[in-house]
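Colleague: missing the sequence, but the structure's below:
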């Protein structure tokens with residue numbers, strides 16, 4: 001029984017009880033008459049459920065005040081619960097559109113952004129990771145020679161110097177420059193000097 005119908009039904013029962021008490025009308029007769037009039041405004045429709053055995057639409061009449069028959073009523077209750085859950089967990093996306101207005105899509109509850117803007121942010125994030133220089137270098141007396149190649153995404157080094165990745169991941173306490181820049185607690189003079197040399201912003 002949906003909430004509105006249930007609330008109205010309970011309210012009508014209270015009124016019927018009061019009329020029966022005040023005017024000495026048998027409660028059973030009064031209830032029977034009121035229900036007939038009450039249900040006129042809640043005409044029964046064909047159930048919206050489907051037969052699980054053959055996939056065909058159910059032909060039974062719905063229960064008064066419902067969209068499903070007695071057999072498929074649990075479906076309506078489940079949908080109602082899911083709808084209430086969505087209202088609690090889904091919020092409006094906080095991203096701004098190209099027109100300068102807030103996105104009207106809903107989030108999934110675990111993020112402040114909708115799926116579309118999460119995807120766009122992920123693409124932008126990946127693009128930022130591209131073209132990061134390889135962090136390999138050689139020291140010759142007072143001179144330092146830096147690798148001129150681009151690092152493989154999510155690593156410190158280019159393809160040629162990938163054998164150094166496991167060692168430097170432990171040494172730098174992160175697997176790539178992107179992770180290093182995200183963690184404000186990480187500080188390393190060598191990394192900072194290479195960042196300065198390559199003018200990485």
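Modeller: Yes, it's here. Computed from a predicted structure; not experimentally measured.
Colleague: so the residue nearest to residue 26 when sequence neighbours are not counted is in which element?
Modeller: Excluding the flanking residues, the one nearest residue 26 by Cβ to Cβ, 6 or more residues apart in numbering is residue 20, at 7.0 Å. C-beta coordinates here come from the backbone N, C-alpha and C atoms, glycine included. Using DSSP states H and E, residue 20 maps to helix 3-23.
Colleague: which parts of this structure are helices?
Modeller: 3-23, 27-40, 73-89, 115-129, 165-172, 177-182, 189-198 (DSSP state H).
Colleague: mean pLDDT lowest where, among the ones you listed?
Modeller: Of all those, helix 73-89 carries the lowest average pLDDT, namely a mean of 56.
Colleague: what does the pLDDT read for the residue nearest to residue 96 when sequence neighbours are not counted?
Modeller: Leaving aside its chain neighbours, residue 96 sits nearest to residue 102 (6.1 Å; criterion: Cβ to Cβ, 6+ apart). Note for residue 102: predicted pLDDT of 84.
Colleague: quick one on the thing from earlier: flag every buried residue along the helix holding residue 20.
Modeller: 16, 20 (16 or more other Cβ atoms under 10 Å).
Colleague: that one - contacts with which helices or strands?
Modeller: helix 27-40 (3 or more Cβ pairs under 8 Å, 6 or more residues apart in numbering; DSSP states H and E).
Colleague: residue contacts, residue 194?
Modeller: 133, 135, 137, 146 (Cβ atoms under 8 Å, 6 or more residues apart in numbering).
Colleague: pull the most distant pair out of the residues you listed.
Modeller: For these, the maximum inter-member distance is 10.3 Å, found between 133 and 137 (Cβ to Cβ).
Colleague: give me the more crowded residue out of the two.
Modeller: Counting neighbours by other Cβ atoms under 10 Å for residue 133 and for residue 137 shows that residue 133 has the greater number, 21 against 14.
Colleague: let me know whether that one touches residue 147 as I believe.
Modeller: Yes - if you go by Cβ atoms under 8 Å, residue 133 and residue 147 touch, sitting 7.2 Å apart.
Colleague: please tell me the pLDDT value assigned to the residue of the chain positioned farthest from its centre.
Modeller: For the chain, the residue at maximal distance from the C-alpha centroid (Cα atoms, centre = their mean) is residue 24, at 57.1 Å. We have a pLDDT of 86 for residue 24.
Colleague: pull up the gap between it and residue 18, please.
Modeller: Residue 24 sits 12 Å away from residue 18, going by Cβ to Cβ, to the nearest Å.
Colleague: now stretch 151-158: buried residues?
Modeller: In stretch 151-158, counting by 16+ other Cβ under 10 Å, buried: 151, 152, 155, 156, 157, 158.
Colleague: if we can go back for a sec, any idea how many residues pack against the residue nearest to residue 96?
Modeller: Around residue 102 there are 11 residues (other Cβ under 10 Å).
Colleague: quick check: it touching residue 95?
Modeller: Yes - the criterion here is Cβ under 8 Å, and residue 102 meets it with residue 95 at 7.5 Å.
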